[in-house]
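just to be clear, the model below is a prediction. Sequence and coordinates:
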Amino acid sequence: MKIQIFILTIFLAFSKESDKNNRQEINLIRNGKSVQINYDVNGVPTITGDTYLEVMYGLGYTHSQDRLWQLHGRRSIASGKMASFLGDEWLENDKYMRNLGIMQSARRIVQNMDQESKDLLQSYADGINYGVTQLTSLPIEFQVFKTDFPEWTVLDSIAFIKYFSFLTSDIYSELTRYQMSFVYPKNITALLSGIGQSNQYHPEISIITNLELQNISDLYQEYQEYQEYENFQISENQQNEEFDETYDPDFELNEINQKMGGSNSWVISGNLSDTGYPIVANDPHLENSMPSFWYLANLVMKDNYIKGGSVPGLPLFLNGRSKKNSWSSTILYYDNLDLYEENLQQVDGKYEYLYKDQWLPCEEFLEEIYSLGVKKTFVFKKTQHGPVMENFYDKKNNKIIRFPATFSIKGTYQEDDYCIFMALLKYQLGDDFKAGLEGLKCIISSNSGMIFANEKDIGFVPVGKQIIRTGNPDQYGIPKKGWTGEVEWVRYLTAEEHPIVINPEKGYIISSNQRLFTKNNKYYLSHNVYSTARAHRIDVLIRQLGKNISLSDNINIQLDLVDQQAKETIQVLVQYLDWTDSKQKQFIDIIGKWDFKYTLESTEATLYSIFEQYYAETFQQLTQGWKKGYDFDSFFFKNLLGFSYNEPWCANTKQSTTPCLDNLRNSVVQAMDFYEKLTDKTWKSQHQQYFPHSIFEDQFDGQYNRKIPHVGCRRCVSTSKTQNAPFSFLGVGGPNLRTVISMKPGDEAYFMIDTGQSGDPISSHYDDLMLKWNKDEYITIGTSSQEIQ
């Protein structure tokens, strides 16, 4: 295989030389209209055409030239077609994806969508398909797996965006809490996983404040406490499979349901900026990969333009600017999905499910899946809540893992969502700021917090429908007992209820994955959603700057490396340590010199991270997903402020009367032992950002992967998410795209992605932007005709 790859690489390197030489200017014709493409030195295309249909055709063309394997992979995973070219090894994965119902909904959308949206998606698809015909050879991945590239269709884009909506759901949080319920009673599960605002750190840091909610919607209502949890009682279904030897509680967290990461976004009004015009900043944090999730492009039309971060597979720019408007997006992580534990029985070969003391028939649906050309038909079942999920395929370990109960899934991703493409495009190209934001209320399945600005206004819209439920809100964030009917969806917020914030009095808006509302709202929305250290830190920095905030100030915020939560609590932490113990005293002395920044040369950041990992490991029965995520952060820092020497989660073998204190102190001692053994104690020696190739990660000596020493931490504004493994600080996610945009006429917009524009390992643009990204540099994307003045 190595020889095969080497020969292919040499062959393709020569065959692509002509392609590289011809990339300076490309002229296309779509329906008799000209489309011109020019690439800059960074491989970023400027695509010029009369209307958005022409430039979206050109965008599809450039995506096909630079990201064809990425397109193929995104389509195949979303539509459950990986086995078509990888064989039976991927069959269980495809069955899982088809069972989610993504393709059923996508097919209905294509059949019933409006002509304007269909024309947009078809133009993009045509550009991809024409681009493929212009390649001298398919990328190396196609050669290795001996597969071709079937024509891209409108259905492919719809399936991918629905899959992306599913990935941004809160299924991870529900399964985390479910796994905890096998270890702890409900009241402790609530505390460890942030159920309810009283169990969260800094819950007052919300996107929409109490005052803003009162001014824009009748959703405001003073919080009313529900009854506290009683001790958890394991259901009969759970008892039957609790000790199933195939059940790995780490699996659903670390493999299929890991959160996609997070994002920062904020906007400063002209009242606070040094120019009198708004400034928008955005840095989405997704999983690292080669190539990047994002693709920079500049679309120039007769009287407008769009520049920013596009997503291969979609004719969309999720962040960027146009002639009059700018926009940015983050994952909102509101509660848009529910798991229901179901009680099923089989009667005469047909499945039934229990609901309110009645046995109701399961709905069945068929899906045809091809594995290397062989058609296989599978029957899936649904309850009134949604598709029934009993297992998942763990491809890393090549085994089927059964959930400890039978679940059904109900989520907004299953809705037939028709307006997402045109609603966003109409805002981007429109003149009426408020009307553009109002138009986004039609979107159902997205889970985005979007920030907007023009030359004088700033705004925020939660994009995606908010769900009103029956029952106790403490149960919203955990799997529900489907047979009781206690927690059910009632409706979505109406357009009148759906909040929009425009020009808030404080002069800025922050959306960094924190809760949407405070606890004071009618329907307990955001009840189980955390605020984040990043949102808190950005708020602190903007308040410190006050007025006359410059574009450079916003860049500095984006690159900030301070762990705000550690900074706020370190003095509390050291009060509980034994200053007479040499190891603990040494820890205090070292940490006492820390500026709380995760820089390359920081040794204190290394020590603190090691301590935090040792302390998290005292929760032996919880997963690495919990120990390295928002759950642990919120619990640890809140619990530290109200520290107790003896709590149920601190039990240890010494039968101590102060087990929590023992665990804290022992973690410090263990951290010092570990730290002293390190030859190089700097953060750069322990922490690198790792970018794996989508297919060749474990092959060919890693020549298609990239790894680079990097700054940041998961709670820093300049984020780095580390892998879910004990005492590993390898970065696997971070700011894959950075944008900072001034809305002052004539000012530049600044961008940077984390790897390069090309997905071709042979291309000079495969990783050429990585060093600039790592040095905190930005690039500009040109727009002709003086920004279409």
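On my side now, so go ahead. Numbering: from 1, shown residues only.

so which helix or strand takes in the residue at the greatest distance from the centre of the chain?
Residue farthest from the centre of the chain, counting by Cα atoms, centre = their mean, is Thr580 at 45.0 Å. For Thr580, there is no host helix or strand (DSSP states H and E).

just the pLDDT at it, thanks.
On pLDDT, Thr580 comes in at 97.

what's the answer for Asn254, then?
Model confidence at Asn254 (pLDDT) stands at 47.

give me the number of residues near Arg289?
You called it Arg, but residue 289 is Ser. As a burial measure, Ser289 scores 22 neighbours (other Cβ atoms under 10 Å). From N, CA and C alone the C-beta is placed, and that goes for glycine too.

what sits against it?
Counting by Cβ atoms under 8 Å, 6 or more residues apart in numbering, Ser289 touches Phe691, Pro692, His693, Ser694, Thr755.

now do the fourth one, the pLDDT please.
The predicted structure scores Ser694 at 81 on the pLDDT scale.

which residues sit against the helix or strand hosting Lys585?
For Lys585, the enclosing helix or strand under DSSP H and E is helix 582-591. Outside helix 582-591, the residues within contact range by Cβ under 8 Å, 6+ apart are 570, 574, 577-579, 603-604, 607-608, 611, 665, 668-669, 671-673.

swap in stretch 672-683?
Contacts for stretch 672-683 (Cβ under 8 Å, 6+ apart): 583-584, 586-587, 598-603, 605-607, 609-610, 614, 685-686, 711, 727.

and the end-to-end length of it?
With Cα to Cα, to the nearest Å applied, stretch 672-683 spans 15 Å between its terminal residues.

quick one on the thing from earlier: the contacts of stretch 672-683, buried ones only, as a ChimeraX selection?
To isolate the buried subset of the contacts of stretch 672-683 in ChimeraX, counting by 16 or more other Cβ atoms under 10 Å, use the following:
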select :583,584,586,587,598,600,602,603,605,606,607,609,610,614,685,686,711
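
out of the contacts of stretch 672-683, which sit inside helices?
Lys583, Gln584, Gln586, Phe587, Ala605, Thr606, Leu607, Ser609, Ile610, Tyr614, Ser685, Gln686 (DSSP state H).

most neighbours of all the contacts of helix 582-591, which one?
Highest neighbour count within the contacts of helix 582-591, by other Cβ under 10 Å: Val668, with 28 neighbours.

got the contact list for that residue?
Counting by Cβ under 8 Å, 6+ apart, Val668 has contacts Leu577, Lys583, Gln584, Phe587, Phe611, Tyr614.

can you pull the phi/psi pair for it?
Dihedral angles of Val668 (phi, psi; degrees, to the nearest 10) stand at phi -70, psi -50.

residues near the nearest residue to Leu155 once chain neighbours are set aside, how many?
Distance criterion Cβ to Cβ, 6 or more residues apart in numbering; nearest residue to Leu155, sequence neighbours excluded, is Val110 at 5.1 Å. As a burial measure, Val110 scores 18 neighbours (other Cβ under 10 Å).

which other residues reach the helix or strand containing Val110?
Using DSSP H and E, Val110 sits within helix 102-112. For helix 102-112, contacts defined as Cβ under 8 Å, 6+ apart pick out 78-80, 97, 118, 154-155, 158-159, 162-163, 166, 365, 367, 413-418.

narrow those to those in helices?
Ala78, Met97, Lys118, Val154, Leu155, Ile158, Ala159, Lys162, Tyr163, Phe166.

farthest-separated two in these?
Met97 and Lys118 (24.0 Å; Cβ to Cβ).

now find how far off-centre stretch 205-224 is within its chain.
How far stretch 205-224 lies from its chain's middle: 26 Å, per Cα atoms, centre = their mean, to the nearest Å.

and if you look at stretch 478-495?
With Cα atoms, centre = their mean, you get 24 Å for stretch 478-495.

what comes into contact with that stretch?
Contacts of stretch 478-495 (Cβ under 8 Å, 6+ apart): 174-175, 177-178, 181, 189, 195, 219, 235, 338-343, 353-356, 383, 385, 405, 407-408, 410, 438, 441, 444, 465-472, 475-476, 523.

now do that stretch, average pLDDT.
95.

go on, stretch 52-68?
98.

chain center to it: distance?
Worked out by Cα atoms, centre = their mean, stretch 52-68 lies 24 Å from the chain centre.

pLDDT below threshold where in the stretch 601-750 of the chain?
652-654, 701 (pLDDT under 70).

try 80 this time
651-655, 695, 698-702 (pLDDT under 80).

burial count for Val490?
Neighbour tally, Val490, other Cβ under 10 Å: 10.

need the three-state assignment for it.
strand (DSSP: H, G, I helix; E, B strand; the rest coil).

just Thr275 next, same as before
Secondary structure assignment for Thr275 (three-state DSSP): coil.

weed out the non-buried ones from the contacts of helix 102-112.
78-80, 97, 154-155, 158-159, 162-163, 166, 367, 413-418.

thought Ile420 was touching Lys162?
No: under the criterion of Cβ atoms under 8 Å, Ile420 makes no contact with Lys162, lying 9.9 Å away.

now for the two: what residues contact both?
With Cβ under 8 Å, 6+ apart, Ile420 and Lys162 have common neighbours Ser445.

now do the strands in the stretch 501-650 of the chain.
For the stretch 501-650 of the chain, strands defined by DSSP state E, counting those that start in this stretch occupy the ranges 501-502, 508-511.

given the shortest one, what are its sheet partners and their directions?
Read it as strand 501-502. Here strand 501-502 is paired, per DSSP bridges, with strand 458-463 (antiparallel).

residues making contact with the strand it pairs with?
207-208, 267-269, 278, 329, 332, 334, 433-434, 437, 440-441, 443, 446, 448-453, 498-504, 508-509, 511, 516.

how much space separates Tyr57 from Gln36?
Look at Tyr57 and Gln36: by Cβ to Cβ, to the nearest Å, they are 12 Å apart.

where in this protein is the helix or strand with the lowest mean pLDDT?
Using mean pLDDT, DSSP states H and E, the weakest-scoring helix or strand in the chain turns out to be helix 236-241, at a mean of 34.

mind listing the helices for the stretch 201-350 of the chain?
Secondary structure of the stretch 201-350 of the chain (DSSP state H, counting those that start in this stretch): helices at 210-216, 236-241, 251.
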